[in-house]
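> based on what follows, work out the 3D shape:
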Amino acid sequence: MSALPQQNDIPRIPLLIGGKLIQSKTTEWRDVINPATQEVVAQVPFCTREELDLAVSNAKEAWETWRHSSQGTRMRIMLNLQKLVRDNTAELAQAITREHGKTLPDAEGEVGRGLEVIEHACSITSLQLGEYAENAASGIDVYTLIQPLGVCAGITAFNFPVMLPSFMFPIAVSTGNTFVLKPSEQDPTSTLMLAQLALEAGLPPGVLNVVHGGPDIANGLCEHPDIKAVSFIGSTRVGTEVYRRASEHGKRCQAMMGAKNHCVILPDADREVALNQLVGAAFGAAGQRCMATSVAVFVGESREWIPDFIERAMKLKVNAGIDREADLGPLVSPQARQRVEGLIQKGVDEGAELLLDGRGVQVPGYEKGNFVGPTVFSGVTADMAIYQEEIFGPVLCIVTVDTLDEAINFVNANPNGNGVALFTQDGGNARYFQNRIDVGQVGINIPIPVPVAWFSFTGSRGSKLGDLGPNGKQAVQFWTQTKTVTARWSAHAQGVNTTITMK
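Numbering: from 1, shown residues only. As a prediction, the model looks like this:
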């Protein structure tokens, strides 16, 4: 991977257009900050509209030949890419930790989840099969062709700078599309590194392009007349706007958005497993996961386990992500820390009981870091801001109910439907729960139920806009269109038929 150009000893992150790293001509640059130290580690451009148009133009030109590339060619490129990502996991993880703040083991795990999608894309020769019916009518064959759309685009959030792009472009380009990717301006380096590896793997120039910027560039992708489909993963506020703009401009769009994920714990659950898993799901990555558990619903006698849970949470180690013994690192920015701490105070003001306060954490050697420690509220009600808003920090709300039905009704009343978990040792309770809960992804004794890459990511209700989600069969459907061919080949002349009937 190429070294980044320097500006006053600070790397300036380039654009990737037409297979080349290009220094932006913009006058607007944003500092990329190490959240553990506040050190400026890079500068990212907010590229110009002309540069966005150039990226789309290159993608459009590349599509004219890439669309006709063989499935075998595309498969082999993905095979090369999965090898390169595997070989460069350490470097990718270091870039994630440096700009996002998550711990190195967590960053390595992120690369691994992204790698799953790339490996799934290696199966494109079987994923992109059509259907064929011989003699659907007399002497007539009918078959379908699964074809690419054209130039597609992806817009990703900061919290998974390698995994989220992997949810998008590998399947998109494997099915014959070309792609323009806009990563988060908060931690773009690892995304660009991933794209460079894709070129090294064999993607032709123009098939994958990377542009940087803020809302203007995101809006430009949604509105550009040559872009056929847009995928977004991020906050509800931004996702709603992306979906609106893309749809109004006639594009296919999927928007995976915010969440308020619940974990329901029954008294028959394995106590050790349930509490340990809940600690990790609530506070891992400092809570900056769209699938993080942010609400624990203790049912019946399981509420007696809450003090034990608090003790476990208190033992977590907060430190810079480069410390492999750390359980959680800093939040991504000072603004994120201020927002999380403000919501914690709001919870106190609204009457929730603060069982564990993570504000004011000081990490020796990283006094300027954006650290917030594990925070736990009990006595939370559905009308409180800490329950209604996605905090996106290491804050867990505890709710207690008497029955499983009460828990199900409580979860279903929330407007979001990204993920939910149930801990139980009773198969009947588990089946009852999964059939009545109205949430896209359900975990049974698994707190963060993100499915493996060959199953689709299936958030629902307020957490998703669009019919089809990333990954699995739905991703292939999203990035392709079906063409149906009805054909007759005959050596004999046919008589006149004035009806629509096929004989």
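
> how is the residue nearest to residue 485 when sequence neighbours are not counted assigned, secondary-structure-wise?
Across the structure, with Cβ to Cβ, 6 or more residues apart in numbering as the measure, the residue nearest residue 485 apart from its sequence neighbours is residue 143 (5.4 Å). All C-beta atoms are positioned from the backbone trio N, CA, C, and that covers glycine. Assigned by DSSP: H, G, I helix; E, B strand; the rest coil, the conformation of residue 143 is strand.

> tell me, how many residues neighbour the nearest residue to residue 476 once chain neighbours are set aside?
Taking Cβ to Cβ, 6+ apart, and ignoring the residues beside it in sequence, residue 476 has residue 127 as its nearest neighbour in space, at 5.1 Å. Applying the criterion other Cβ atoms under 10 Å, we find 21 residues in the vicinity of residue 127.

> also residue 238?
The tally of other residues near residue 238 (other Cβ under 10 Å) stands at 18.

> next one: residue 304
A total of 11 residues lie near residue 304 under the criterion other Cβ under 10 Å.

> just the helices in the stretch 51-200 of the chain please.
For the stretch 51-200 of the chain, applying DSSP state H, counting those that start in this stretch gives helices covering 71-87, 89-100, 104-121, 124-127, 163-166, 169-174, 189-201.

> touching the fifth one from outside, list them.
To tie it back to what came earlier, the one meant is helix 163-166. Outside helix 163-166, the residues within contact range by Cβ atoms under 8 Å, 6 or more residues apart in numbering are 110-111, 113-115, 117-118, 154, 156-157, 181, 183, 191, 194-195, 233.

> circling back to that earlier point, in a markdown table: the helices of the stretch 51-200 of the chain, plus mean pLDDT and distance to residue 314.
A markdown table is the format used below for those (pLDDT from 0 to 100; distance: least, Cβ to Cβ, whole Å):
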| stretch | mean pLDDT | distance to residue 314 |
| --- | --- | --- |
| helix 71-87 | 98 | 37 |
| helix 89-100 | 98 | 24 |
| helix 104-121 | 97 | 20 |
| helix 124-127 | 94 | 47 |
| helix 163-166 | 98 | 30 |
| helix 169-174 | 98 | 41 |
| helix 189-201 | 98 | 32 |
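
> circling back: wait, the residue nearest to residue 485 sits on residue 136?
No: shown here, residue 143 and residue 136 do not form a contact pair, counting by Cβ atoms under 8 Å, at 9.0 Å.

> what's the domain layout of the chain?
Under the assignment automatic domain parsing, the domains of the chain span 8-257+463-484, 261-444.

> in CSV: those, plus distance to residue 496.
As requested, the domains of the chain are arranged in CSV below (distance: least, Cβ to Cβ, whole Å):
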stretch, distance to residue 496
domain 8-257+463-484, 16
domain 261-444, 53
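
> check the gap between the most centrally placed residue in the chain and residue 36 for me.
When Cα atoms, centre = their mean is applied to the chain, the residue found nearest the centroid is residue 164 (4.0 Å). Distance of residue 164 to residue 36, given as Cβ to Cβ, to the nearest Å: 22 Å.

> thinking again about what came up before, and of the contacts of helix 163-166, the nearest to residue 429?
Using Cβ to Cβ, residue 113 is the member of the contacts of helix 163-166 that lies nearest residue 429, at 29.1 Å.

> check contacts around the closest one.
Under the criterion of Cβ under 8 Å, 6+ apart, the neighbours of residue 113 are 160, 163, 166, 450, 453.

> again with residue 413
For residue 413, the contacting residues are residue 382, by Cβ under 8 Å, 6+ apart.

> one more: the one 10 residues further on?
The contact partners of residue 423, taken as Cβ under 8 Å, 6+ apart, are 263-266, 269-270, 273-274, 277-278, 445, 447.

> what's opposite it in the beta bridge?
residue 265 (DSSP bridges).

> on the pLDDT front, check it for me.
Per-residue pLDDT puts residue 423 at 98.

> from residue 268, how far off is it?
Note on residue 423: its distance to residue 268, by Cβ to Cβ, is 9 Å.

> quickly find the element holding the residue found closest to residue 236 once you drop the neighbours it is linked to in the chain.
Take residue 236 and drop its neighbours on the chain: the residue closest to it by Cβ to Cβ, 6+ apart is residue 258, 3.6 Å away. For residue 258, there is no enclosing helix or strand under DSSP states H and E.

> pLDDT weak spots in the stretch 251-400 of the chain?
Counting by pLDDT under 70, the stretch 251-400 of the chain shows no low-confidence range.

> ok, which stretches of it are strands?
Under the criterion DSSP state E, counting those that start in this stretch, strands of the stretch 251-400 of the chain are mapped to 252-256, 261-265, 293-299, 353-356, 375-378, 395-401.

> mind putting the ones you listed into CSV with mean neighbour count?
Shown next, in CSV, are the strands of the stretch 251-400 of the chain (neighbours: other Cβ atoms under 10 Å):
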stretch, mean neighbour count
strand 252-256, 24
strand 261-265, 27
strand 293-299, 26
strand 353-356, 16
strand 375-378, 24
strand 395-401, 22
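
> next, format those strands as TSV and append distance to residue 320.
What follows is the strands of the stretch 251-400 of the chain, written out as TSV (distance: least, Cβ to Cβ, whole Å):
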stretch	distance to residue 320
strand 252-256	29
strand 261-265	27
strand 293-299	24
strand 353-356	21
strand 375-378	19
strand 395-401	21
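
> to residue 486, which of those lies closest?
Nearest to residue 486 among the strands of the stretch 251-400 of the chain is strand 252-256; the distance by Cβ to Cβ comes to 24.9 Å.

> quick one: strands adjacent to that closest one?
Strand partners for strand 252-256, identified by DSSP bridges, are recorded as strand 227-233 (parallel), strand 464-465 (antiparallel).

> coming back round to it: residue 490: which of the domains of the chain is closest?
Nearest to residue 490, of those and by Cβ to Cβ, is domain 8-257+463-484 at 5.6 Å.

> quick one: distance of that closest one to the chain centre.
The chain centroid and the centroid of domain 8-257+463-484 are separated by 11 Å under Cα atoms, centre = their mean, to the nearest Å.

> residues in contact with the closest residue to residue 282 other than its chain neighbours?
Taking Cβ to Cβ, 6+ apart, and ignoring the residues beside it in sequence, residue 282 has residue 396 as its nearest neighbour in space, at 4.3 Å. If you count contacts by Cβ under 8 Å, 6+ apart, residue 396 has them with 278, 282-283, 293-296, 313, 374-377.

> between these, which is nearest residue 93?
Among these, residue 283 lies closest to residue 93 (Cβ to Cβ), at 19.6 Å.

> ok, the closest one to residue 105 distance?
Remark: distance between residue 283 and residue 105 (Cβ to Cβ) = 14 Å.

> looking at those two, which has the bigger crowd around it?
Neighbour tally, residue 283 and residue 105, criterion other Cβ under 10 Å: the higher count belongs to residue 283, 27 against 16.

> am I right that that one is in contact with residue 312?
No: under the criterion of Cβ under 8 Å, residue 283 lies out of contact with residue 312, with a separation of 9.9 Å.

> please enumerate the shared neighbours of the two.
Contacts common to residue 283 and residue 312, judged by Cβ under 8 Å, 6+ apart, are absent.

> just the helices from the stretch 351-500 of the chain, written as ranges.
Listed in chain order (using DSSP H, counting those that start in this stretch), the helices of the stretch 351-500 of the chain are 385-388, 404-413, 427-436, 472-478.
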